[in-house]
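Chemist: got a predicted structure here, sequence first:
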Amino acid sequence: MNKRTSRLLDKPYLLWSVLFIIAPLVMVAYYSFTDNTGAFSLNSISQIPSYLPTILLSVLYGIVATLICLLIGYPFAYIFSKFSVRRQQMMVLLVMLPMWMNFLIRTYSWMTILGDSGVINTILNSMGLQSVKLINTGGAVVLGMVYNFLPYMILPIYSVLSKLDNSLVEAAEDLGSGRLQVIRRVVIPLSMPGVLSGITMVFVPCVSTFYITQKLGGGQIVLIGDVIETQFQSANNYNLGAALSFVLMILILICLGVMNFFGADDSNDGGVVI
C-alpha cells in the first residue's frame, strides 16, 4: 500500500475524530468560559468549588466500585483463562451476554430485585423475616455500578492472561516457587497491562454515571454526573454543566495519565485490546 492510498484511507478516521471527539471538547470548553450571551466569563468556573464534595463523593464511589470489580474480576478471569479454548469462548460469551441487553433495562431489573416489594424482600417475608431496606442506598448504587461495568474489568485481564507464556510459570515452579508465589511474582506482574486497562475502563464510567444513581439511589445519592445531567436537562444552564463536565474531563485525563505512567514499562500490551 503506497503512501497516497494510506492517506486516503486515513481521511474517514480523521473526519470522525474531528466531528465526534475534538468538536465536542471544543464546545465544552467554549460553554465553560462563556455566559448566556456568549461573552467570556469565569462565573461558571467560579461555582465549581461549591460542588467539590459531590466530585469527591463521585471519586469515592468510583474507587469502591472499581476495587470490587477488580477483586471479583481478576480471579474470575484467571480461572477461566486456564480452561480449554472452547470453554474460554463460552465463558467470554457469558460475560458479554448481559452487555447485549439495554443498559436501562439492566438497571431497571435491579430495581425489581432490590425494591421494598422486590424479589429479595418477598423471599424474606415468605420465610417470616423482616424486610430489608436495599433500594435507594449507597450499596445499591455500588451494586449497580459493579454489575454494569464488571465485564469491562474481566475482559482486558482475561485478554492478557490468556496470552501469558506458560513456560514462565513452569520455570518459576521448577525453581521452587509455590502456587501463591507464582501468582504473586509472575502472573500478577505480567497481567498488569490488563489490570490497568480494566481499572480505567471501570473507573471512568463509574465516576460519570447518573442513571444508576437516579434509579438505584432514588435521589438520595447525588454524584457529579447527576448534577451535570440536571444542569443540561432541567436547569438549562449549559455553561455550568459544561464547566462541571470540563472538570470531570480533566479528572478522567489525570486518571488515564496515571494509568499510562504505571503501565509505561510493561511490554505486554494485550490489555488494551478490548
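Modeler: Good, I have the coordinates.

Chemist: so where's the stretch 151-274 of the chain shaky on pLDDT?
Modeler: For the stretch 151-274 of the chain, applying pLDDT under 70 flags the ranges 263-274.

Chemist: all helices of it, in order?
Modeler: Applying DSSP state H, counting those that start in this stretch to the stretch 151-274 of the chain gives helices spanning 166-174, 179-182, 188-190, 192-208, 211-216, 224-233, 238-262.

Chemist: in JSON lines: those helices, plus mean neighbour count.
Modeler: Where you see a C-beta, it was placed from the backbone N, CA and C, and this is true even at glycine. JSON lines is the format used below for the helices of the stretch 151-274 of the chain (neighbours: other CB atoms under 10 Å):
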{"stretch": "helix 166-174", "mean neighbour count": "12"}
{"stretch": "helix 179-182", "mean neighbour count": "12"}
{"stretch": "helix 188-190", "mean neighbour count": "15"}
{"stretch": "helix 192-208", "mean neighbour count": "24"}
{"stretch": "helix 211-216", "mean neighbour count": "22"}
{"stretch": "helix 224-233", "mean neighbour count": "19"}
{"stretch": "helix 238-262", "mean neighbour count": "17"}
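
Chemist: which regions of the stretch 1-150 of the chain sit below the pLDDT cut-off?
Modeler: The stretch 1-150 of the chain contains residues with pLDDT under 70 at 1-2, 4-6, 8-9.

Chemist: strands of that one, residue ranges please.
Modeler: Taking DSSP state E, counting those that start in this stretch as the criterion, the stretch 1-150 of the chain contains no strands.

Chemist: of the helices of the stretch 151-274 of the chain, which is nearest Ala39?
Modeler: helix 238-262 (10.8 Å; CB to CB).

Chemist: before we move on, back to that, I'd like the helices of the stretch 151-274 of the chain as CSV, with distance to Gln88 appended.
Modeler: Conversion of the helices of the stretch 151-274 of the chain to CSV gives the following (distance: least, CB to CB, whole Å):
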stretch, distance to Gln88
helix 166-174, 14
helix 179-182, 20
helix 188-190, 18
helix 192-208, 15
helix 211-216, 30
helix 224-233, 35
helix 238-262, 26
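
Chemist: Asp35 is nearest to which of these?
Modeler: Nearest of those (CB to CB): helix 238-262, 6.2 Å.

Chemist: can you state the direction angle for that closest one and helix 224-233?
Modeler: 150 degrees (axes from the mean of the first three to the mean of the last three CA atoms, to 10 degrees).

Chemist: tell me which of the helices of the stretch 151-274 of the chain sits nearest to Leu155.
Modeler: Here helix 192-208 is closest among those (CB to CB), at 7.7 Å.

Chemist: quick one: that closest one to helix 224-233, angle?
Modeler: Going by the same axes, to 10 degrees, helix 192-208 is angled at 50 degrees with respect to helix 224-233.

Chemist: distance from the chain centre to helix 192-208, please.
Modeler: How far helix 192-208 lies from its chain's middle: 5 Å, per CA atoms, centre = their mean, to the nearest Å.

Chemist: what comes into contact with stretch 42-57?
Modeler: Stretch 42-57 has contacts (CB atoms under 8 Å, 6 or more residues apart in numbering) with 31-33, 35, 222-224, 227, 239-240, 242-244, 247-248, 251.

Chemist: wait, which of those is closest to Ala171?
Modeler: Leu251 (41.7 Å).

Chemist: quick one: contacts for the closest one?
Modeler: Contacts of Leu251 by CB under 8 Å, 6+ apart are Ile55, Val59, Val207.

Chemist: who wins for proximity to Met96 among the helices of the stretch 151-274 of the chain?
Modeler: Among these, helix 192-208 sits nearest to Met96 (CB to CB), with 13.9 Å.

Chemist: having no further points to raise, I will conclude here.
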